[in-house]
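> predicted model and sequence follow; I will ask about them next.
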Amino acid sequence: MTMTLMLASTLFTGDALAGRPAMDPQVRMHLGVSAVQGPSPIGLMGGLDSRITRMLHVDIGGMGTVTPIPDDADIEAESNTDYYRLRHGIYLAPGVRIPHRQPSAFSWDVIFRAGAAVTWSADLDPDAVALTEDGVRHAVGPAGLGGMDLLIRGETIGVRASGKGFASWVYDPHTRDNALVISPQVGLEALYQF
């Protein structure tokens with residue numbers, strides 16, 4: 001009897017219709033300049049931001065400081081971790097879009113993000129052991145990040161302003177332990193949506 005009911009319910013079902021049409025995909029490519037704290041703050045950043053649902057977006061990107069560190073960089077430091085300066089990073093940052101009404105002439109979005117990253121930091125302590133050709137010890141470590149993006153665009157082209165804070169775990173040779181380093185980063189990018 002059970003098999004007969006299962007077979008009948010499979011053979012005599014109606015069409016399944018969705019309640020609303022599927023959303024158009026939104027992939028935004030972004031590229032621009034970034035600034036971090038330190039003696040050589042200017043860099044490049046870029047990546048891809050994709051819509052997953054109406055409210056959830058994910059951004060995959062990276063940033064790199066392209067200006068060299070000056071030889072006479074003088075850092076005021078209260079602790080050993082104050083000598084670390086963010087140089088480069090690769091990140092994956094899901095975000096939540098704040099819902100709002102859109103004007104007819106342009107589109108804007110505010111997205112709050114949190115995610116994971118890998119960062120490269122420079123140790124500018126004059127007493128640090130120089131392990132590279134440029135005389136700066138580099139530290140690579142895992143990091144977390146949090147921040148906000150503001151996007152303004154027309155049909156397909158727009159501008160994105162972002163602010164992020166990276167919390168990196170780097171090895172400190174002075175204490176011979178991992179140290180938590182907080183590094184702010186801001187950026188201004190052009191974006192193209194396709």
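That came in fine, so what should we check first?
> use CA for all of it now, contacts and neighbours both
Noted.
> what residues of stretch 186-194 count as buried?
186, 187, 188, 189, 190, 191, 192, 193 (16 or more other Cα atoms under 10 Å).
> residues making contact with it?
Stretch 186-194 has contacts (Cα atoms under 8 Å, 6 or more residues apart in numbering) with 26-36, 45-46, 153, 156-164.
> got it, and stretch 87-104?
36, 54-65, 108-122, 145.
> burial measure for residue 30, as a count.
Around residue 30 there are 22 other residues, counting by other Cα atoms under 10 Å.
> ok, it touching residue 46?
Yes: here residue 30 reaches residue 46: they are 5.2 Å apart, a contact under Cα atoms under 8 Å.
> who does the nearest residue to residue 156 once chain neighbours are set aside form a beta bridge with?
Nearest residue to residue 156 in three dimensions, chain neighbours excluded: residue 193, at 4.9 Å (Cα to Cα, 6 or more residues apart in numbering). Assessed by DSSP bridges, residue 193 has beta-bridge partners residue 28.
> ok, residue 193 to residue 117 distance?
Residue 193 is 24 Å from residue 117, where distance means Cα to Cα, to the nearest Å.
> pLDDT value on residue 111, please?
As predicted, residue 111 sits at a pLDDT of 96.
> any idea what it is bridged to?
Bridge pairing for residue 111 - DSSP bridges - gives residue 97, residue 149.
> verify the stated contact: it with residue 149.
Yes: contact criterion Cα under 8 Å: residue 111 and residue 149 qualify, at 5.2 Å.
> which parts of the protein are helices?
For the chain, the helices defined by DSSP state H cover 2-11.
> all strands for it, in order.
27-36, 42-51, 56-65, 84-97, 107-123, 137-153, 157-172, 177-193 (DSSP state E).
> can you list those strands in JSON lines and add distance to residue 75?
As requested, the strands of the chain are exported to JSON lines (distance: least, Cα to Cα, whole Å):
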{"stretch": "strand 27-36", "distance to residue 75": "14"}
{"stretch": "strand 42-51", "distance to residue 75": "17"}
{"stretch": "strand 56-65", "distance to residue 75": "18"}
{"stretch": "strand 84-97", "distance to residue 75": "10"}
{"stretch": "strand 107-123", "distance to residue 75": "10"}
{"stretch": "strand 137-153", "distance to residue 75": "15"}
{"stretch": "strand 157-172", "distance to residue 75": "17"}
{"stretch": "strand 177-193", "distance to residue 75": "15"}
